[in-house]
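Trainee: I'll drop the sequence and a predicted model, then ask my questions.
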Amino acid sequence: MEKNVNKKLIKYNVSNGVVKSPRSHAFTKGYLQKATTIEQLINDIDSKKCIWPVVAKNGQNHRKSENVLGTEIVILNISEYESFDEVVKTFADSAVYIYEVESETGLRIRAVLVLDQFLNCIELEYFLRIAQVEFAHNHRCIDAAHAYINEHIITRYILSESNRFKVSDLFNKYVFDSNFNSSFESKWNIDDQGSFSEFKNEVIRKYSLSPALNTPVSVSRNVYLIEILQNNKVA
């Protein structure tokens, strides 16, 4: 671990002890919110503790979306990948830790991202839906209440603590994509959050986004997006 780096304090929630099953009481309640270093976050993961990577409202320790204020870290749960080394290469400049874990649903590679911007709860869920398309983030992990069990870590790789994931680059790639936005808007609760159009315009303003800066979504990702849209209709 690096010694000569400004130690950024990050906030997240950690279980009270090792969690072995999603059916465990400790997977849902009793989380401790921390404000600590990236090094300590990695230590908590390696200690097989469950991580709920959000800032909770008023110190709430019950893992529910309505208790989420936002986040400055994201854990991607990648379900489709060529190899561990390929994932490390993809996130070499944007993740701080990558590890492969065996879960009840199979092998997953997780990439721990420290964001360059704080996301509120709705922005976080928008980010996770984008990640589902862009990075094959697992579809079961796209709500703000999701936490990660780390009992069976197989392979691990620590990257630079100074790495930051640039939120605006990812948002700019998808916020102007009507096909993608339809999949998010279909689950939008207008009574609680205002219109999706208002949310979209606020994201564009907040992150200084522009179609002129947009990097087109690849053909393969468009195919994957179509599959997601079809699955959402079935669901």
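Mentor: Perfect, thanks for sending it. Numbering: from 1, shown residues only.

Trainee: residue 37 contacts residue 8, doesn't it?
Mentor: Yes. Residue 37 lies in contact with residue 8 (C-beta atoms under 8 Å); the separation is 7.2 Å. Quick note: C-beta positions are derived from backbone N, CA and C, even for glycine.

Trainee: what ranges does this structure have for its strands?
Mentor: Remark: strands assigned in the chain by DSSP state E are 9-18, 32-37, 49-52, 55-56, 68-78, 97-103, 106-120, 153-158.

Trainee: elements contacting the shortest one?
Mentor: The one in question is strand 55-56. strand 9-18, strand 68-78 (3 or more C-beta pairs under 8 Å, 6 or more residues apart in numbering; DSSP states H and E).

Trainee: any regions of this protein where pLDDT drops low?
Mentor: 1-6, 190-193, 212-235 (pLDDT under 70).

Trainee: ignoring the adjacent residues along the chain, who's closest to the residue most central in space within it?
Mentor: Central residue of the chain (C-alpha atoms, centre = their mean): residue 74, 3.4 Å from the mean position. Excluding the flanking residues, the one nearest residue 74 by C-beta to C-beta, 6 or more residues apart in numbering is residue 113, at 4.6 Å.

Trainee: dump the helices and strands packed on strand 55-56 into CSV; add distance to residue 174 as well.
Mentor: Listed next are the helices and strands packed on strand 55-56 as CSV, based on distance: least, C-beta to C-beta, whole Å:
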stretch, distance to residue 174
strand 9-18, 25
strand 68-78, 15
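
Trainee: and those, which is most packed in?
Mentor: Ranked by mean neighbour count, the helices and strands packed on strand 55-56 are led by strand 68-78 with a mean of 22 (mean count of other C-beta atoms under 10 Å).

Trainee: for that one, name the packing helices and strands.
Mentor: strand 9-18, strand 55-56, strand 106-120, helix 121-134.

Trainee: and the shortest one, which strands flank it?
Mentor: Taking DSSP bridges as the criterion, strand 55-56 pairs within the sheet with strand 68-78 (antiparallel).

Trainee: quick one on the thing from earlier: make CSV out of the strands of the chain and add distance to residue 146.
Mentor: Formatted as CSV, the strands of the chain follow (distance: least, C-beta to C-beta, whole Å):
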stretch, distance to residue 146
strand 9-18, 12
strand 32-37, 16
strand 49-52, 8
strand 55-56, 13
strand 68-78, 8
strand 97-103, 12
strand 106-120, 12
strand 153-158, 18
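
Trainee: so who does the closest residue in space to residue 21 that isn't next to it in sequence touch?
Mentor: Leaving aside its sequence neighbours, residue 21 sits nearest to residue 27 (C-beta to C-beta, 6+ apart; 7.1 Å). Each residue near residue 27 by C-beta atoms under 8 Å, 6 or more residues apart in numbering is listed here: 15, 19, 21, 50, 63, 147, 149.

Trainee: among the residues you listed, name the buried ones.
Mentor: The neighbour count (16 or more other C-beta atoms under 10 Å) marks 15, 19, 50, 63, 147, 149 as buried among those.

Trainee: among the residues you listed, which two are most distant?
Mentor: Spatial extent of the buried ones among the contacts of residue 27 (C-beta to C-beta) is set by the pair 63 and 149 at 12.1 Å.

Trainee: so how many other residues sit close to residue 66?
Mentor: Burial of residue 66 is recorded as 11 neighbouring residues (other C-beta atoms under 10 Å).

Trainee: cool, thanks, signing off.
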